[in-house]
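Asks: How does the following fold in three dimensions:
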Amino acid sequence: MTSFDDAFTAVVRARGVWRDDTPSAVLERWSSFVAECEHGYRGDEFAYANEAMSRTTLEAALTDPSLAGRPELALLRRRVEAVDARFRPLLMEHAFPRIDPDEWWLRGIVRRAGGRLAQDWKRSFGFDIEVVRRPRPS
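Replies: Sure, this is the predicted structure:
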């Protein structure tokens, strides 16, 4: 039997992801993105969407039948859920109602972000979000 990491990587690569393709790397991308959002995401709307896709990749692996039943999957799921619990309160839910509710991380938008993302979302979608400004160095 292949290792969980190898099986996970195979699932992820089958989806077209060829970097950060191990369980720990994808989880780290999701966790880092959430941490950045907690402080006010500073990138633009395209970078935000790209980073949020790490959660989509995790979901694909968490629901892939070839990984079901592996004990490592249950551990990964718990870790993902812990990061999700930090991200959900940051969102204005249902910003994109046409996105499947099961993809809640793509359906909502963060309430607070840096000026670039706030401007992008105002221009592209008419959303008003709180702009987080970096404090000036002393």
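Asks: contacts and neighbour counts: CA atoms only from here.
Replies: Noted.
Asks: Could you measure from the nearest residue to Asp128 once chain neighbours are set aside over to Glu51?
Replies: Nearest non-adjacent residue to Asp128, counting by CA to CA, 6 or more residues apart in numbering: Lys122, 5.9 Å away. For Lys122, the distance to Glu51 equals 20 Å [CA to CA, to the nearest Å].
Asks: Report all helices and strands that the host helix or strand of the residue nearest to Asp128 contacts.
Replies: For Lys122, the element it lies in under DSSP states H and E is helix 115-125. Helices and strands touching helix 115-125, as assessed by 3 or more CA pairs under 8 Å, 6 or more residues apart in numbering; DSSP states H and E, comprise helix 45-62, strand 130-131.
Asks: Quick check: next helix or strand after the first one?
Replies: Following helix 45-62 in sequence order, the next helix or strand is helix 71-87 (DSSP H and E).
Asks: can you tell me the average pLDDT over that next one?
Replies: On average, the pLDDT along helix 71-87 is 97.
Asks: now do stretch 4-12
Replies: Summarised as a single mean, pLDDT over stretch 4-12 is 95.
Asks: Show residues contacting it.
Replies: The contact list for stretch 4-12, computed with CA atoms under 8 Å, 6 or more residues apart in numbering, reads Trp18, Asp21, Thr22, Pro23, Thr57, Ala60, Ala61, Asp64, Ser66, Leu67, Arg70, Glu72.
Asks: now those residues in a markdown table, with neighbour count and distance to Arg79?
Replies: Listed next are those as a markdown table, based on neighbours: other CA atoms under 10 Å; distance: CA to CA, whole Å:
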| residue | neighbour count | distance to Arg79 |
| --- | --- | --- |
| Trp18 | 12 | 22 |
| Asp21 | 21 | 17 |
| Thr22 | 20 | 14 |
| Pro23 | 21 | 11 |
| Thr57 | 21 | 14 |
| Ala60 | 15 | 15 |
| Ala61 | 24 | 13 |
| Asp64 | 12 | 17 |
| Ser66 | 13 | 20 |
| Leu67 | 17 | 16 |
| Arg70 | 11 | 15 |
| Glu72 | 14 | 11 |
